[in-house]
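Enquirer: using only what follows, build the 3D model:
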Amino acid sequence: MKKLYTWGGKFADRNLTVSDLLENKGKKKFLQTTATNSEEASAAKEAGIDMLLCKSPFIDEIRKGAPDIFLTATVDLALFPTTTEVLNEAFRAMSVGADQIYTARGPHIVEMLSKEDIPVMCHLGLVPRKSSWKGGLRAIGKTAEEAYKLFNEFKTMESAGAFSAECEIILEEVMLEISKKTSLITSSLGSGLSGDIIYLFQNDICGEQENIPRHARSFGNILKLKNEIYRERVNSIKSFKSAVQNQTFPKSNELVNINKKELEAFKKLIS
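Expert: Numbering: from 1, shown residues only. Below is the predicted model:
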């Protein structure tokens, strides 16, 4: 565990630093998943996950469950559209506990943030919110020309000052070759094992939805448990309704009674 001083001016412990990731590039694989609340963050920490990613408004909540895990905060492109808004939110996020800022924006935004010494994770390969430009949700790098264009995008982000890149649905062989020639810390989301970080959404890992992406795998079945909890909730409420209608709720042992003397006195007072 490393000691550091946060952007918010507080001493903190971290399992990883930016320097650690750079020193281990190409030598060690790290694991990353998402968290939307303190319970998910705590579970990831207990399971031995190295890095977490969350939306920037949730940082305080995530830090309750995982106070010392390397945390990437996503600055949503729709919620913070202008350069001023992005910069303000990035500074706020770093000051409350983020270790890195993720953005799906272009190199001009990456450059703006990196000039402030903010570690920046860009997004390369398939960027789902911009998938219309790619003809829909699909793998990237299927032709030599497309793979070369992607390679140049990596180089552009390097020049802009990016520290790392979320590499989504890039063909495995293409990702392997690019990994050999980029200084970016690569986080592979469906792009094979050549990334420095292997990344998967926690809701996919835990099986929280019926249909998961092709690149993902569920190692649990929380959806089944959620459905069972929902049915139990519905059945409990139905039983409550029935008990009231049948006048079996509440029973005498579920009530608090006044003694007869005080009851009679009360009746006289309101008569």
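
Enquirer: scan this protein for its longest helix.
Expert: helix 222-245 (DSSP state H).

Enquirer: can you pull the buried residues of it?
Expert: Using 16 or more other Cβ atoms under 10 Å as the burial criterion, the residues of helix 222-245 that qualify are Ile222. (C-beta placed from N, C-alpha, C; glycine too.)

Enquirer: neighbours of Thr72, how many?
Expert: Thr72 has 25 neighbours, counted by other Cβ atoms under 10 Å.

Enquirer: just checking: what are the partner strands of whichever strand or helix holds it?
Expert: Following DSSP states H and E, the helix or strand that holds Thr72 is strand 70-74. According to DSSP bridges, the neighbouring strands of strand 70-74, each with its direction, are strand 51-55 (parallel), strand 100-102 (parallel).

Enquirer: downstream of the shortest one, the next helix or strand is which one?
Expert: Tracing the chain past strand 100-102, the next element assigned as helix or strand by DSSP H and E is helix 107-114.

Enquirer: packing partners of that next one?
Expert: Packing contacts for helix 107-114, counted by 3 or more Cβ pairs under 8 Å, 6 or more residues apart in numbering; DSSP states H and E, involve helix 83-95, strand 120-125, helix 144-160.

Enquirer: restrict it to CA atoms and write it as PDB.
Expert: Extracted as PDB, the C-alpha positions of helix 107-114 are listed here (Å, rounded to 0.1, in the frame of the first residue of the first chain):
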ATOM      1  CA  PRO A 107      -7.700  14.600 -28.300                       C
ATOM      2  CA  HIS A 108      -8.400  18.300 -27.600                       C
ATOM      3  CA  ILE A 109     -10.100  17.400 -24.300                       C
ATOM      4  CA  VAL A 110      -7.400  14.800 -23.400                       C
ATOM      5  CA  GLU A 111      -4.700  17.500 -24.100                       C
ATOM      6  CA  MET A 112      -6.500  20.100 -21.900                       C
ATOM      7  CA  LEU A 113      -6.700  17.700 -19.000                       C
ATOM      8  CA  SER A 114      -3.200  16.300 -19.400                       C
END
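
Enquirer: what is the orientation angle of it with helix 83-95?
Expert: Taking axes from the mean of the first three to the mean of the last three Cα atoms, to 10 degrees, one finds helix 107-114 and helix 83-95 inclined to each other by 40 degrees.

Enquirer: can you give me the buried ones in helix 107-114?
Expert: Applying a neighbour-count criterion of 16+ other Cβ under 10 Å, the buried positions in helix 107-114 are 107, 109-110, 112-114.

Enquirer: repeat that for stretch 47-64.
Expert: For stretch 47-64, the buried set under the neighbour-count rule, 16+ other Cβ under 10 Å, comprises 49-56, 58-59, 61-63.

Enquirer: if we can go back for a sec, so of the helices and strands packed on helix 107-114, which one's packed in deepest?
Expert: Counting by mean count of other Cβ atoms under 10 Å, strand 120-125 has the highest mean neighbour count of the helices and strands packed on helix 107-114, with a mean of 26.

Enquirer: by how many degrees do that one and strand 51-55 diverge?
Expert: Using the same axes, to 10 degrees, strand 120-125 lies at 90 degrees relative to strand 51-55.
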